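Participant: curious how this folds, go ahead:
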Amino acid sequence: MTTALSIETGRVSIRVASGASRSRCPLCGRRSSRAHSRYLRTVSDLPWHGICVTLEVSARRFFCDGASCERRIFCERLPKIAARARKTGRLEKALLAIVLELGGRAGARLAAELGLVVGRDSLLRRAKNAPLPALGRVRVLGIDDFAFRKSDAYGTILVDLERHEVVDLLPERSTRTTADWLLRHPGVEVVSRDRSNVYAQGISEGAPEAVQVADRWHLLRSLALGLEEFLLHKRSVLGKAAAPETGDEERPYGSIEGPAEKRHERLVEQWKHIRRLHLAGASVKDIAEWVGTSPSTVYRYRELRPRQNTYGV
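Facilitator: Presented below is the predicted three-dimensional model:
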């Protein structure tokens, strides 16, 4: 029950007291009505129109009359306000929702705008200690890798594509861990994956009845790479089709004007650089780092051979 209300600049303080005549010992569970003393707890609550709200809770200590109980004096529990923390349960839920959606820095900025006093590190601790949601049956599963450390350590992320929720993280990218997870979680009917044989084999072992499909990103990526390679090989035909009816003698055969020409020249220089490093014996990882491109581009370009009127070399 409320006993006092204090309104100050930017802050509202509400003093409340428990009206229960007795409380249960948290150790032995025995109820006691013999009060020992009172103490004051300050608990933060959700803000009101951007104004901080705090509850000054007058709680009591009780004697435990259980003969075999080791705790002679205990504090009454107020789970509807705050069991142990200095924040109410609804404030904790709000902070957890903020950090799970925005992360540490952005979450702290939004919390400050809403009148919630909390730091980035405190938000991140809530995210790390948050209980995992109960995992129900997953029917459509998305599986892909992610990097703990780029080009060094990789894990696996599993997503329920119907609920759009991450259901688990695996510590490595391997056939065995993928198959073991699927065996522990039967009922998967469709699995969306990349083109890796690691996941393909793991799915075949762990969920042989599931239909394996390529995910949208890799489908579009494969289409873009295939189209780009095809057009590079047809550059002479495209250049001839784009050439004006007159003035061919003033332009080199198969040239392309404007941004397309500049982009092609950049790709040709990149290809030459990759070829030189590859022939010199450099690794794919080093070539990608030196040239400033992805390893998949190095794999594609290092095997390409120059053709007449195709690469301009």
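Participant: in stretch 150-157, which residues are buried?
Facilitator: Tyr154, Thr156 (16 or more other C-beta atoms under 10 Å). C-beta: built from backbone N, CA, C; applies to glycine.
Participant: and the contacts of that stretch?
Facilitator: Applying C-beta atoms under 8 Å, 6 or more residues apart in numbering, the external contacts of stretch 150-157 come out as 143-148, 166, 168-173, 177-178, 199, 285.
Participant: now do that stretch, average pLDDT.
Facilitator: Per-residue pLDDT values over stretch 150-157 give a mean of 84.
Participant: buried stuff in stretch 195-206?
Facilitator: Of the residues in stretch 195-206, Ser196, Val198, Tyr199, Ala200, Gly202, Ile203, Ser204, Gly206 count as buried by neighbour count, 16+ other C-beta under 10 Å.
Participant: make TSV out of these and add pLDDT.
Facilitator: Listed next are the buried residues of stretch 195-206 as TSV, based on pLDDT from 0 to 100:
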residue	pLDDT
Ser196	81
Val198	91
Tyr199	92
Ala200	92
Gly202	93
Ile203	94
Ser204	94
Gly206	93
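Participant: which of those fall in helices?
Facilitator: Those of the buried residues of stretch 195-206 mapping onto helices are Val198, Tyr199, Ala200, Gly202, Ile203, Ser204, Gly206, per DSSP state H.
Participant: need phi/psi at Gly89.
Facilitator: Main-chain dihedrals, Gly89, degrees, to the nearest 10: phi -60, psi -40.
Participant: tell me the spacing between it and Ser122.
Facilitator: According to C-beta to C-beta, to the nearest Å, Gly89 stands 16 Å off from Ser122.
Participant: how about Leu46?
Facilitator: 16 Å.
Participant: now Val191
Facilitator: From Val191 over to Ser122 the distance is 38 Å, taken as C-beta to C-beta.
Participant: and the two? Which one has more around it.
Facilitator: Val191 (26 against 15; other C-beta atoms under 10 Å).
Participant: name the helix or strand for the more buried one, please.
Facilitator: According to DSSP states H and E, Val191 maps onto strand 190-193.
Participant: let me see the contact set for Gly292.
Facilitator: Applying C-beta under 8 Å, 6+ apart, one finds that Gly292 lies in contact with no residue.
Participant: what segments of the stretch 1-150 of the chain are helices?
Facilitator: Taking DSSP state H, counting those that start in this stretch, the helices of the stretch 1-150 of the chain run over residues 89-102, 104-113, 120-129.
Participant: apologies, that question was intended for the stretch 201-313 of the chain.
Facilitator: Using DSSP H, counting those that start in this stretch, helices in the stretch 201-313 of the chain cover 216-233, 235-242, 258-279, 284-291, 295-302.
Participant: tell me what the fourth one is packed against?
Facilitator: The helices and strands touching helix 284-291, judged by 3 or more C-beta pairs under 8 Å, 6 or more residues apart in numbering; DSSP states H and E, are helix 258-279, helix 295-302.
Participant: buried sites along it?
Facilitator: Val284, Ile287, Ala288, Val291.
Participant: verify the stated contact: the last one with Lys272.
Facilitator: No - with contact taken as C-beta atoms under 8 Å, Val291 and Lys272 are classed as non-touching, separated by 10.4 Å.
Participant: residues in contact with Ala85?
Facilitator: Contact partners of Ala85, counting by C-beta under 8 Å, 6+ apart, are Val43, Glu92.
Participant: show me where pLDDT drops low in the chain?
Facilitator: Applying pLDDT under 70 to the chain flags residues 1-2, 83-84, 244-260, 305-313.
Participant: could you chop it up by domain?
Facilitator: As assigned by automatic domain parsing, the chain contains the domains 2-87, 93-129, 140-214, 217-302.
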